[in-house]
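*Asks:* requesting a structural model of the entry that follows:
(2 chains)
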Amino acid sequence: MANLTPELEAERKKICKIAKDAGLDFFETIFELITYDQINQFAAYGGFPVRYPHWKFGMEYEHLSKSYEYGLSKIYEMVINTDPCYAYLMEGNAMMDQKLVMAHVYGHCDFFKNNIWFSKTNRKMMDQMANHATRIRRYMDRYGYDVVENFIDVCLSLENLIDRYSPYVEKSVVKSESPQAEANPNYLLRVDRSYMRDYINPPSFVAEQKKKAEDEAAQKASRFPQEPEKDVLKFFLHYAPLTDWQQDVLSIIRDEAYYFSPQGMTKTMNEGWASYWHSHLMTTKILNDSEIIDFADHHSGTMAMAPNGYNPYKVGIELFRDIEERWNKGQFGREWEECDDVRERKHWDKRLNLGREKIFEVRKVCNDVTFIDQFLTEDFCVRNKLFVYRFNKKTNKFEIDTKDFKAIKAQLLFHMTNFGQPIIRIEDANFENRGELLLTHLHEGIDMQPDFMSETLKNVFKMWKRPVNIATIMDETPQLFRFDGKEYTTHNLGQESASAESKEESSHS
Amino acid sequence: MSIREDHNRFRDIVKGKVKEDLRKYVSQGEMIGKREDEFVKIPLPRIDIPNFRYGPKQQGGVGQGEGQQGQDVGEPGEGGQGQAGEAPGEHLLEVELSLEELADILGEKLQLPNIQPKGHKNIDSVKTKFTGLAPVGPEGLRHFKSSYKRALKRMVGSGTYNPEDPLVLPIRRDMQYKSFKKVTKPQTQAVVIYMMDVSGSMGDEQKEIVRLESFWINTWLKKHYKGLETRFIIHDAAAKEVDEDTFFRTSESGGTLISSAYKLCQEIIEKDYPVQDWNIYPFHFSDGDNWSGEDTRLCVKLLQDFFLPNCNVFSYGQVESKYGSGQFLKDLQKEFGEDDRLTLSQIENRDKILDSIKDFLGKGR
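*Replies:* Down below sits the predicted model:
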């Protein structure tokens, strides 16, 4: 498959060896040289050569080609998480650019292979995607293009309603009927000495507690789903009134959403890691003297961060460098945390040289949330001049809001949790005892966009085919939005239901 | 490539959306403002797939740089390193449509009949056109540059090219020849002559309506006549020919003699557009005020004697204004009744533009 020119192939071999010697560990990586039009096509398809037919890819393609033709943006690098890894080089790029891309790609490949959040992804996704395309085409032939396309639109509209962490949770099956639990139910107080039993748990207390527990269990059992379900798509797969082909289409969309999910969860780390390595390898081993200016120009262009935009490349690479330096100098642990002396901190260097080791560990176990949570420091924010901006209603502009470390960290974490999307789960599939669906939005201080919400709710209805409701907070008032197939209505949730909701919240935690 | 399929599908959806909301687009003139020769840019809100998401205004974000609290940072997403494809659908979609596509949409929406050009004026012209490259051909038409390029590519590809000794040897397989085709072109010639009353009673809004309407009429006629010519006449008590820009911007004051414009129009036609060779479309827009009944009678006479027999169709659009009496339209109606060669249309406001276009173009003449 590889179609590199002899020159590029020689460089590839060289860079591959350099990357391996530096400790990177990746699947075999196949580079292909393609034209800008092909690269736009592949990019529109999320990196894959074949996807199911859908107009959204056409829209993305139009956008990419226009941006390229007008010189607004250009895709330099694209790499897919498969085994072997496929990566694309654009025909006509300068040799220095190609080397840079190769070095960067080996960084990504190492990350794909070793980061734990990618451990559950299907490494044969290329074939899988092609299979998906074939299946969907078959349905289109049988049931009509428009019918299937409309249903895909509905599925895609709900595609972000998955439980991003579920692939990593090993569901331990604990049966509550196990004899041991029966003999020692958890509503009884702990008894260490058997002769004290009747004093600590007097029969009246036991009876009372038992009734309470049974009531609770009964209430829970009558609820459906028993626990709120975050994987809305899975729930629909099992319980929504869908035909066989619709189920299959939905499962395809869900599979693909889960496949792309880790890339969203590790965007900052992944780009940071790849940038760290391209920068390190290029400047120490790969570049020749005449290329250094071009490299610096290109690299700084990629790392530029505007006051109004978050650049994962920049934050990622700086954090990795910061971690490496801190662990080299021993700037961690209790002693370091408790040191208040500015001068001492500045010259703190225990010469531990643990940096390289540490960043390899970080790239293995972290995702963006834990990465920022553990390693973003106040010093780092000050040094990199980070700030939080917000929309000011008075001036109708986005303005710098604060440079406070805690606010910056909270803002970043907020954006990364659930990939910056609202957390929504199915609370009740028999709402009001009428087979209606109740979704709840775990409101975290930010309202959903109302027009998008109403349209999406209509799509939920298309899935469930019974009236659907979503409880959220809008303009600081708890509200219930409802779509019954004809009408879209809003109900204010009064004080009582608000408190009921918060009670429910506490019982979950 | 299968992306073509998806891309076409997307274009179809876009066209469908534009068609659905055509009335809005026509009356707002958004697309004319973004006109670029053969293309118009159309802002399309909400074509993307909806999902549950946060409102951008409440969200804020993390940025980097100098500056104190309260400093303006600009709209997020502008400038900076926009990773392409990272957040699809977040931009307000602006799609380009060619004028031809736009004309098709207009035609479908209004169910306009195709124009039948005047029959005997079809002149066929035959031209030889170089259309591309072919692997065979006479040596005289050999295309050096691309032949050698192919040779170079082949040699680089197979590793036989030596930069030290840059010798390129084309073989038979590399050769490229210019290929040509004989094209027969039916030549129909057409001219649109726009006349507008710019007397004091025609306000900016009225002119905007004329501007929008003439854009759409032009779009439709261009689809049927390649190389459509347009001429512009403005008039108050006297008429003069102007360029397009002046046509829409000039505001004069004073009286209105419609016949002055018709006379000038007649002169232009007689001078430049022999009626047997040309499809002629005069359009006249005014608020319906004329100086005197006598002048109206003169206009009627000009129409009867010259315009109606010689033009495909003569169109008169009356734009409602606060000051105009609207008398001219009534006079014409009285005089001609239902004459196929004359189209009368009343345009009350922007929303009626589409209906008026239908009036004008619905006859297929």
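*Asks:* can you name the residue of the stretch 401-509 of chain A nearest to chain B?
*Replies:* Chain B sits closest to residue A:455 of the stretch 401-509 of chain A, with a gap of 3.6 Å, by C-beta to the nearest C-beta. C-beta coordinates here come from the backbone N, C-alpha and C atoms, glycine included.
*Asks:* quick one: contacts for residue B:237?
*Replies:* Shown in contact with residue B:237 (C-beta atoms under 8 Å, 6 or more residues apart in numbering or on different chains): B:199, B:254-257, B:260, B:291.
*Asks:* can you put those in CSV and add neighbour count?
*Replies:* Shown next, in CSV, are the contacts of residue B:237 (neighbours: other C-beta atoms under 10 Å in any protein chain shown):
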residue, neighbour count
B:199, 25
B:254, 12
B:255, 16
B:256, 27
B:257, 22
B:260, 21
B:291, 17
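*Asks:* okay, now the domains of chain A?
*Replies:* A:6-115+A:266-298, A:304-417, A:422-508 (automatic domain parsing).
*Asks:* pick the most deeply packed of those domains.
*Replies:* Comparing those by mean neighbour count (mean count of other C-beta atoms under 10 Å in any protein chain shown), domain A:6-115+A:266-298 ranks first with a mean of 19.
*Asks:* quick check: residue B:139 vs residue B:150, distance?
*Replies:* Distance, residue B:139 to residue B:150, using C-beta to C-beta, to the nearest Å: 16 Å.
*Asks:* who has more neighbours, those two?
*Replies:* Legend: neighbour count by other C-beta atoms under 10 Å in any protein chain shown for residue B:139 and residue B:150, higher for residue B:150 (20 against 7).
*Asks:* what's the closest non-adjacent residue to the residue in the stretch 101-250 of chain B that chain A sits nearest to?
*Replies:* Proximity of the stretch 101-250 of chain B to chain A (C-beta to the nearest C-beta) peaks at residue B:159, 5.2 Å away. Sequence neighbours aside, residue A:6 is the residue nearest to residue B:159 in space, at 5.2 Å (criterion: C-beta to C-beta, 6 or more residues apart in numbering or on different chains).
*Asks:* same question for residue A:275.
*Replies:* That would be residue A:317: by C-beta to C-beta, 6+ apart, it lies 4.2 Å from residue A:275.
*Asks:* shouldn't that neighbour be within a helix?
*Replies:* Yes. Assigned with DSSP: H, G, I helix; E, B strand; the rest coil, residue A:317 falls within a helix.
*Asks:* show me what contacts it?
*Replies:* Counted by C-beta under 8 Å, 6+ apart, residue A:317 has contacts A:271-272, A:275-276, A:279, A:303.
*Asks:* what does residue A:381 give?
*Replies:* A:403, A:405, A:408-409.
*Asks:* phi and psi next, for it.
*Replies:* Main-chain torsions, residue A:381, degrees, to the nearest 10: phi -60, psi -40.
*Asks:* what distance do you get for residue A:483 to residue A:364?
*Replies:* Separation of residue A:483 from residue A:364 (C-beta to C-beta): 45 Å.
*Asks:* re earlier: counting by contacts, list what the host helix or strand of the residue of the stretch 401-509 of chain A closest to chain B packs against.
*Replies:* For residue A:455, the element it lies in under DSSP states H and E is helix A:450-464. Under the contact definition 3 or more C-beta pairs under 8 Å, 6 or more residues apart in numbering or on different chains; DSSP states H and E, helix A:450-464 sits against helix A:145-157, strand A:436-441, strand A:468-474, strand A:477-483, strand A:488-492.
*Asks:* would you list those in a markdown table and tack on mean pLDDT and distance to chain B?
*Replies:* Below are those laid out as a markdown table (pLDDT from 0 to 100; distance: least, C-beta to the nearest C-beta, whole Å):
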| stretch | mean pLDDT | distance to chain B |
| --- | --- | --- |
| helix A:145-157 | 94 | 5 |
| strand A:436-441 | 92 | 7 |
| strand A:468-474 | 92 | 8 |
| strand A:477-483 | 92 | 11 |
| strand A:488-492 | 89 | 13 |
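*Asks:* per-residue pLDDT of the residue of the stretch 101-250 of chain B closest to chain A, please?
*Replies:* Note for residue B:159: predicted pLDDT of 84.
*Asks:* cool, and residue A:500?
*Replies:* Looking at residue A:500, its pLDDT stands at 41.
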